[in-house]
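Student: after the sequence you'll find the predicted model.
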Amino acid sequence: MKVEQFLVGEMANFTYVIIDEKNKDSIIVDPSWNLEIIFEYLKRNSLSNRYIINTHSHFDHIYGNEQVKNTTGAKVIQHKLSPLEKDIEVDEGELIEFGDSKIKIIHTPGHSRDSICLIIDDKVMLTGDTVFVGSCGRLDLPGSNPHEMFDSIYSKLVNLDGNLTILPGHHYGSSKTSTLQKEFESNFVFKFKDKDDFLLSMSS
């Protein structure tokens with residue numbers, strides 16, 4: 001399994017293409033802008049596109065859904081709490097089987113109610129807007145919830161393997177990728193003593 005990262009649009013978004021090289025198939029994660037780059041990549045590598053996965057339902061992560069779906073025939077996968085049109089609903093702990101690989105769904109509400117992270121073969125985690133390199137997603141938007149973000153980070157993410165490679169939803173940090181262990185050590189969102197400390201900081 002291979003994952004290609006594309007920096008797109010005016011908001012430093014990342015779109016990802018998960019590739020099953022054996023079967024020449026792909027999944028597009030968070031299609032938004034500059035779709036011609038994605039389509040050209042698929043064509044150049046003779047890849048079909050089976051699924052679209054959205055890490056959450058904010059417009060900058062779903063903007064390209066309709067065009068990708070109409071062009072490739074892909075089915076849209078979103079968390080069951082997403083208010084948007086979708087073909088397949090997923091929830092915490094479910095697995096998407098793709099070729100010889102498995103993609104595990106981690107429900108991480110906080111930035112939005114339907115935020116998910118995707119763990120591919122226990123090696124790579126696409127974090128959407130839950131955690132960036134050096135920070136986390138905004139908590140002042142409609143549907144955001146600092147209490148849920150604390151629980152997602154401190155009840156779920158901190159228990160995962162630090163060797164996971166982190167692929168975020170935006171290029172807001174010092175690098176395009178990281179590891180979970182590096183974020184444990186350097187990302188301020190993992191440094192709070194308790195929920196009250198976290199909530200106080202996030203509200204200021």
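Tutor: Nice, thanks for sending it over. Residues are numbered from 1 along each chain as shown.

Student: once you drop chain neighbours, what's closest to the spatially most central residue of the chain?
Tutor: What sits nearest the mean C-alpha location of the chain, by CA atoms, centre = their mean, is G128, with 2.8 Å. Distances taken as CB to CB, 6 or more residues apart in numbering put T55 closest to G128, at 2.7 Å, once the chain neighbours are dropped. (Glycine included, C-beta is placed from N, CA and C.)

Student: any stretches of this protein with poor pLDDT?
Tutor: Applying pLDDT under 70 to the chain flags no residue at all.

Student: quick one: the strands in it?
Tutor: 2-8, 13-20, 25-29, 51-53, 75-79, 88-90, 95-98, 101-107, 116-120, 124-128, 131-132, 135-136, 165-168, 178-179 (DSSP state E).

Student: return the distance of the nearest residue to G73 once chain neighbours are set aside relative to V124.
Tutor: Using CB to CB, 6+ apart and skipping the chain neighbours, the partner closest in space to G73 is N49 (7.6 Å). Relative to V124, N49 is positioned 19 Å away (CB to CB, to the nearest Å).

Student: ok, now L200?
Tutor: For L200, the distance to V124 (CB to CB) stands at 33 Å.

Student: neighbour count winner among the two?
Tutor: Between L200 and V124, V124 has the larger neighbour count (other CB atoms under 10 Å), namely 19 against 12.

Student: quick check: closest non-adjacent residue to that one.
Tutor: Counting by CB to CB, 6+ apart, the residue nearest V124 is T165, at 4.7 Å.

Student: kind regards, and thank you for your time.
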